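Chemist: how does the following fold in three dimensions:
(one chain, ligands or ions: 1)
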Amino acid sequence: MKRRFPDDRSNLEARFAAQRLAFGPMMFQATRVLRRCGALAFLYKRELDGASVEELAEAVDISLYAARILLEAGLAAELVQLEGDRYVITRVGYFVLRDPMTEVNMNFVHDVCYRSMFHFEEALAEGKPAGLREHGDWATVYEGLTQLPTHVRDSWLAFDHYYSDGVFEGVLPKVFASEPARVLDVGGNTGKFALACCGHDPKVEITIVDLPRQLELAKANLREAGVASRVEFVAANMLDPEVALPGGHDVIWMSQFLDCFSEAEIVHILECAARVMDADTRLYILETYWDRQDYEAARYAVINTSLYFTAIANGNSKMYHSERMQACLEQAGLVLDADLGTMGYHTLFRCKKAQG
Ligand SMILES: C[S@@+](CC[C@H](N)C(=O)[O-])C[C@H]1O[C@@H](n2cnc3c(N)ncnc32)[C@H](O)[C@@H]1O
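Modeler: Residues are numbered from 1 along each chain as shown. This next block holds a predicted model:
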């Protein structure tokens, strides 16, 4: 009997798709170098006229051999097309050259993930970020963030911020609709959200909770912005079984934070939040759920981010399906008060304490 599959590709198409995966890391490096050496930028300038191998080699100052290797790899990767003897940049090539999401993702994959992914299988088997040893001797990437070489940290931060930067502006009116006097930002990172809150509301006071080293970075940034007097800094490891969050806040904010943890750890952190919440406190959770993406490219990026969590970040966390987060909320004695919808890559949940 003929074997049946849910997709409707032909065998030829499926075999080609499989080869793209088999050679994926090689194509990645060739693509990166094509961008980095200026070849894509040069071809973009030439528009439909394109360039011969010789012209490109001269323009970006590489050998003829290197130009041939790169351009032929570009053909295979569909970054360029061959028109007669001239190579012309394609729309995909243009996106590799100019699309900010692609740039952020490529730099992150190269600087943070590439070598570490060699240890992916071990990480899955052990539930530990086995690939992190390529960067340093830490239990999780968060402990090492401030010690990463500058270019690696820059790529990490650019990746982290790319997916959250634009969204703060859109969520602030929703979070501030109830006019909170005090906001607790758990996992406040470099203090970006705290800074946005201070700009949005001239009176609001913020408390940032994060790991001690990370907090130093936030402190420096907020001092520089002149708002440090409105911000309290609390160093805490949220994985410590005895940890307690500071009380007295109207709003608790967790943005791209819970995806740093396993489901059991998420429940523990949410229970900590529940302990300092009363009936009026609202917990806002901003996350990139893989089931809540509008575009295939976004879903692809979000799912790939999970692999980074496995191999490098901490070995046990991921980008979740939104229903898994709701299950964690319920286990922690919280309920979804309002699903405030999806903005870009992010979904905003407003949560409250369960009654009774
Ligand atoms: C992915 S960043 C999110 C930053 C920020 N909230 C945003 O939306 O861009 C995760 C933050 O959680 C912090 N973090 C990770 N593990 C932690 C832990 N065990 N206790 C406290 N903070 C932790 C990290 O230091 C980092 O600042």
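Chemist: tally of neighbours for the residue of the stretch 251-356 of the chain found nearest the ligand?
Modeler: The nearest approach of the stretch 251-356 of the chain to the ligand comes at residue 255, 3.4 Å away (Cβ to the nearest ligand atom). Placement of C-beta: from N, CA and C, glycine included. Per other Cβ atoms under 10 Å, the neighbour tally for residue 255 reads 23.
Chemist: apart from its neighbours in sequence, what residue is nearest it?
Modeler: In this structure, residue 255 finds its nearest non-sequential neighbour in residue 286, 4.1 Å apart by Cβ to Cβ, 6 or more residues apart in numbering.
Chemist: same question, residue 161
Modeler: Closest to residue 161 by Cβ to Cβ, 6+ apart is residue 192, at 7.0 Å.
Chemist: which residues are in contact with the one you found?
Modeler: 161, 164-165, 168, 221 (Cβ atoms under 8 Å, 6 or more residues apart in numbering).
Chemist: let's have those residues in a markdown table, adding neighbour count.
Modeler: Formatted as a markdown table, these follow (neighbours: other Cβ atoms under 10 Å):
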| residue | neighbour count |
| --- | --- |
| 161 | 15 |
| 164 | 19 |
| 165 | 13 |
| 168 | 20 |
| 221 | 17 |
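Chemist: picking up where we left off before, touching, the residue nearest to residue 255 and residue 167? I think so.
Modeler: Yes: using Cβ atoms under 8 Å, residue 286 is in contact with residue 167, at 6.8 Å.
Chemist: more crowded one of these two?
Modeler: residue 286 (23 against 19).
Chemist: domain parsing of the protein, as residue ranges.
Modeler: Residue ranges for the domains of the chain, per automatic domain parsing: 11-98, 161-353.
Chemist: highest average neighbour count across the ones you listed?
Modeler: domain 161-353 (a mean of 18; mean count of other Cβ atoms under 10 Å).
Chemist: for whichever helix or strand residue 339 is part of, packing partners?
Modeler: Element membership for residue 339, per DSSP states H and E: strand 334-343. In terms of contacts (3 or more Cβ pairs under 8 Å, 6 or more residues apart in numbering; DSSP states H and E), strand 334-343 is packed against helix 150-175, helix 263-275, helix 322-331, strand 346-353.
Chemist: redo those as JSON lines? Include mean pLDDT and distance to residue 282.
Modeler: Listed next are the helices and strands packed on strand 334-343 as JSON lines, based on pLDDT from 0 to 100; distance: least, Cβ to Cβ, whole Å:
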{"stretch": "helix 150-175", "mean pLDDT": "91", "distance to residue 282": "8"}
{"stretch": "helix 263-275", "mean pLDDT": "98", "distance to residue 282": "11"}
{"stretch": "helix 322-331", "mean pLDDT": "98", "distance to residue 282": "13"}
{"stretch": "strand 346-353", "mean pLDDT": "97", "distance to residue 282": "5"}
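Chemist: can you put the ones you listed in a markdown table and add distance to residue 60?
Modeler: Formatted as a markdown table, these follow (distance: least, Cβ to Cβ, whole Å):
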| stretch | distance to residue 60 |
| --- | --- |
| helix 150-175 | 22 |
| helix 263-275 | 48 |
| helix 322-331 | 45 |
| strand 346-353 | 38 |
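Chemist: low-confidence ranges in the stretch 101-250 of the chain?
Modeler: Within the stretch 101-250 of the chain, no range satisfies pLDDT under 70.
Chemist: from residue 114, how far off is residue 70?
Modeler: 18 Å (Cβ to Cβ, to the nearest Å).
Chemist: does the residue nearest to residue 89 when sequence neighbours are not counted belong to a helix or a strand, and which?
Modeler: Excluding its sequence neighbours, the residue lying closest to residue 89 (Cβ to Cβ, 6+ apart) is residue 43, at 4.0 Å. Using DSSP H and E, residue 43 sits in helix 39-45.
Chemist: got the contact list for the residue nearest the centre of the chain?
Modeler: For the chain, the residue sitting closest to the mean C-alpha position, by Cα atoms, centre = their mean, is residue 160 at 4.6 Å. Residues counted as contacts of residue 160 (Cβ under 8 Å, 6+ apart) are 189, 256.
Chemist: how much space between it and the ligand?
Modeler: According to Cβ to the nearest ligand atom, to the nearest Å, residue 160 stands 5 Å off from the ligand.
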